[in-house]
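Q: Next input, structure requested:
(3 chains)
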Amino acid sequence: MSSGSPVAKTTIEHRGRGSREWLFPLLLLLPAVGLMLALYAYPFVSSIYRSFLVKGEGAVTLANYAKARQLYLRDILFSLEVSLLSTTIAAVLSIALAAYLRMATGRIAKMVGAVYRLPIFIPFVVVAQMMNTFLAPHGLLNVFLAQLHLIDLKAPLQLFNWKGLTFSFVWKQAAFMTLIVLSGFKMIDDSYIEAARSLGARLPRVIVSILIPMSLASISVAVILAFTSIMGTFTLPYMIIAGEPTTVTVDIAHRVTYFGDYGVANALGTITYLMVSFAAIYYLRYTVRKSIYEVQEG
Amino acid sequence: MSKSRLLTRAGEAVLLIVLCLIIFGPMTGLALWSIALRWYWPHALPQVIGPDYWLQALGLQKSLAIGAVSIMGAFKTSLIIALISVVLVMAVAIPAGYVLAKYSIPWKSAILLLFLLPQAFPQQPVFVNLLLLFNKLGLAGTVPGVILVHLIVGLVFAVWISSATFKSIPPELEEAARSVGASRVTAFFRVTLPLAAPGLLASAVFVFLTSLDEFTGTFFIGLPFVTTLPMLLYSSSGYNLQFASVIAIILLVPSILFMVIIERFLKAEYIGGMGI
Amino acid sequence: MPALRLVNLTKRFGKTVAVQDVSLEIRDGEIMTLLGPSGCGKTTTLRCIAGLLSPDEGDIYLDDRRVTDLPPEKRGIGLVFQNYALWPHMTIYENLAFGLRLRKIPKDEIQRKVSEVLATVRLSGFEQRYPRQLSGGQQQRVALARALVIEPSVLLLDEPLSNLDAQLREEMRFEIRELQRKFGITTVYVTHDQAEALVLSDRITVLHGGKITQVGTPKDIYNRPSNKFVAGFIGLTSFIEGTVVGFDETRGYAIVKTSDGLEVQARSTGLHSQQKVTLAVRPEHIELLPGSQGLSRAGEVNVFEGVVLRMAYLGDTIDYRVRVGDWVLRAHTSTNMVLNHDEKVWVVLSPDQITVIPE
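A: Coordinates of the predicted model:
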């Protein structure tokens, strides 16, 4: 470090020039990067690598994938369907809610703004337990609907399947997505909206033609993070879904805890990677570019 | 007030009511179950209520009849793991966040990428393979093993939040300190760090809660020997809804408190990873 | 018939009154500037006209039609913003066609109208570009074109030039003026820049603290400010306070005596003896004479002895601050008139170029 030398006390170096200027920051980064490499990157790569290995055989093989396909094709499709459905519903709801919060003023809007975000911080395990009591055949939802005479309690809604799972995912993710989309909407200066209104645009037109296209970046980040998170969530389907079909994440746990079969578990894991890969790559490129750009700006 | 405005207000009120039903409905279910001593189908509300499960859970009452145990053991385990995780994570994340915010360094994109991967891809397969590794190292089923998992989950958020915090501090402030004779280290500790304190504190509380609520990693690495609160919640949810509801509320309250107090410090994108 | 009429307009934000009891008539085809410092209520007034804010009291009439409760999209008013507000995700063509499409105008007519208006703002051929590919001045011309293409009854401009650099700003002043004449459109122009207001307005409304302080032609406002605020806001005006002690009947001047004993003569308009007044003098109306030259005129009417306090080159002129008695006067002289700090100087004020503002 240069602080000991008398010269350094009176001059301010340019950042990033010369070899010693980047050695010190790299040292500061080392513990974090080391931990990430050992405890994240290594198992990440190993999960892909091991998906091609079968116990006792040395060669690389596709046997695990064949077995995964044979046993879990239905669950793989189920995961994809539920993730797409939940993400789509949550996206539509969150865009509508964010548009409302962006445009509305007054006390009701403030209250809506305070209430909608409650699910954001509630951990999945608590959401799961909540939905366990709420969605059960004898749960609060069915009782409530029966009080309104919308259903007969003798034939309650059966919700411990894709319906309840989708409801739970939307419940949890729509709030988070609204927060991100709203932060995008808020970055749009009022004048862009006012210009459209003065030219004759009503509210729905403003949302479709101005708000959404001008915050596509925020919206896609929200959609991608929600989709990835839903696809990778283990807790909620594990605690909510009764019977078949279930999600790939639950299958992975079964494979590991009941059979100790890491090969098929990793094949399923790699399949979940593939299912989010388009979204993930877009997100990574976008965020890395943005971070580097921001540093150079600052 | 004009007619169209009245209509708008009415529409807004309906929106608020529907939203409240959807958000508070499941929470109400949880609250009712935590105090329900007898609730037979098809009654709309519990027939007998009482604080018995709460008392039992908090170790204030010991009754064999309701089949619930004390949560105090799991609570202690959770607390110890969370506290150690926070200290370790912050010690590593603060310097890393500072460097990522203030320096241009070689391999920067690769390093950023490394810290973004856990957000972009499902984490469960990583935990599965950590289990393999920890089996070999004798860390599986131990508290240190669980702490290491929580470290990884918390580290990513801590690095991003502290990096964002440092980025928001104008570099001129530190440069001004150095121009009047402060060394780089002095400038950091006397100028930048105090300004960053609120953001770093938010990040620490966030890491604490992430650890407290962490499920998937603990499930693979910790079971069956390390029982944290979420594990206890999971294992009781199958046979004892009341007891599970009590634990869920205990986990719920700090999360909501945290959100109310500290949300303004956080960028929206980092919040999504809570309690994976 | 006025094209736009504001009647007792009042707008409050919480406890602060942003606009207070403003009544104003804007004639068909004129360009009216709302001028004042920030917080004077000019933008709030503009936003009430546009329908982006609803006034707490008062009414707005467009061509004698009451529009106070109409939302902005139903008023047919063109709006131009300080930041241009061109939608970045649309091409120039799409920006301009936006309002026309909402009016269900056939496609070929939209195309015709867009290329026509682009030609008038000298941007033909820019249809397929995106706003970020244009310079600030070009973007501002597109913003103008977007507002004009829907043929609004009134055009509102909110500080449209303040994001441009000084040279471009001056060019655009004339350009806006010319476009406005060409279209003959009733225009309300909001600015805090008095030079801008003087150059391009038919009439100016000076606002202060949410109230109208003076309405008049640029010439009126500049030469006959009705109060101290207007005089001070428009140009760098120096003030001298005193009491009317007599009159020079033959020349029509009032004699004003200050507390420190100066006697200043100024053109009198309906003043009476013992009235307290403020005299306002613009910097270009103050003549400075160096010691040797001035000495010969000592004792003449409106010639005073002073001391140079400070000087600053402004390129084409020199800005002096001169102390005369208890008063500090700002004077602008040509650059060959060089006086030093602390130098003695003679100050000559022409009685015809002093504005008398009664208390």
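
Q: So which residues of the stretch 201-350 of chain C form strands?
A: Ranges of strands in the stretch 201-350 of chain C, per DSSP state E, counting those that start in this stretch, are C:203-208, C:211-216, C:238-248, C:253-257, C:263-267, C:276-281, C:286-290, C:303-313, C:317-324, C:327-334, C:344-349.

Q: contacts for the fifth one?
A: Pointing back at strand C:263-267 there. When contacts are defined by C-beta atoms under 8 Å, 6 or more residues apart in numbering or on different chains, strand C:263-267 is touched by residues C:240, C:242, C:245, C:248, C:252-258, C:279, C:301-302, C:349, C:351-352, C:354-356. Glycine gets a C-beta too; all of them are placed from N, C-alpha and C.

Q: Could you export the strands of the stretch 201-350 of chain C as JSON lines, including mean neighbour count?
A: Listed next are those as JSON lines, based on neighbours: other C-beta atoms under 10 Å in any protein chain shown:
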{"stretch": "strand C:203-208", "mean neighbour count": "24"}
{"stretch": "strand C:211-216", "mean neighbour count": "18"}
{"stretch": "strand C:238-248", "mean neighbour count": "17"}
{"stretch": "strand C:253-257", "mean neighbour count": "21"}
{"stretch": "strand C:263-267", "mean neighbour count": "20"}
{"stretch": "strand C:276-281", "mean neighbour count": "21"}
{"stretch": "strand C:286-290", "mean neighbour count": "19"}
{"stretch": "strand C:303-313", "mean neighbour count": "15"}
{"stretch": "strand C:317-324", "mean neighbour count": "19"}
{"stretch": "strand C:327-334", "mean neighbour count": "19"}
{"stretch": "strand C:344-349", "mean neighbour count": "20"}
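
Q: Make TSV out of those strands and add mean pLDDT.
A: Below are the strands of the stretch 201-350 of chain C laid out as TSV (pLDDT from 0 to 100):
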stretch	mean pLDDT
strand C:203-208	94
strand C:211-216	93
strand C:238-248	89
strand C:253-257	91
strand C:263-267	89
strand C:276-281	86
strand C:286-290	88
strand C:303-313	89
strand C:317-324	90
strand C:327-334	89
strand C:344-349	90
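
Q: Arrange those strands in JSON lines, one row each, with distance to residue A:221 as further columns.
A: Formatted as JSON lines, these follow (distance: least, C-beta to C-beta, whole Å):
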{"stretch": "strand C:203-208", "distance to residue A:221": "44"}
{"stretch": "strand C:211-216", "distance to residue A:221": "48"}
{"stretch": "strand C:238-248", "distance to residue A:221": "58"}
{"stretch": "strand C:253-257", "distance to residue A:221": "70"}
{"stretch": "strand C:263-267", "distance to residue A:221": "68"}
{"stretch": "strand C:276-281", "distance to residue A:221": "59"}
{"stretch": "strand C:286-290", "distance to residue A:221": "62"}
{"stretch": "strand C:303-313", "distance to residue A:221": "52"}
{"stretch": "strand C:317-324", "distance to residue A:221": "54"}
{"stretch": "strand C:327-334", "distance to residue A:221": "56"}
{"stretch": "strand C:344-349", "distance to residue A:221": "67"}
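
Q: Which of those sits closest to residue C:16?
A: Smallest distance to residue C:16 across the strands of the stretch 201-350 of chain C (C-beta to C-beta): 13.3 Å, for strand C:211-216.

Q: Which strands border the closest one, and is each parallel or antiparallel?
A: In the sheet, strand C:211-216 lines up against strand C:203-208 (antiparallel) (DSSP bridges).

Q: Now do the SS call for residue C:152.
A: With DSSP: H, G, I helix; E, B strand; the rest coil as the basis, residue C:152 sits in coil.

Q: Tell me, how many residues neighbour it?
A: Using other C-beta atoms under 10 Å in any protein chain shown, residue C:152 has 22 other residues around it.

Q: thought it was touching residue C:186?
A: No: counting by C-beta atoms under 8 Å, residue C:152 does not reach residue C:186; the two are 9.1 Å apart.

Q: so where's the stretch 1-150 of chain B uncertain?
A: Confidence mapping of the stretch 1-150 of chain B against pLDDT under 70 gives the ranges B:1-2, B:41-42, B:64-68.

Q: Quick one: the helices in it, in order.
A: Taking DSSP state H, counting those that start in this stretch as the test, the helices found in the stretch 1-150 of chain B are B:3-35, B:52-57, B:72-102, B:108-120, B:124-137, B:143-167.

Q: Can you check what angle separates the third one from helix B:108-120?
A: Compare the direction of helix B:72-102 with that of helix B:108-120 by axes from the mean of the first three to the mean of the last three C-alpha atoms, to 10 degrees and you get 150 degrees.

Q: Distance from the chain centre to helix B:72-102, please.
A: 12 Å (C-alpha atoms, centre = their mean, to the nearest Å).
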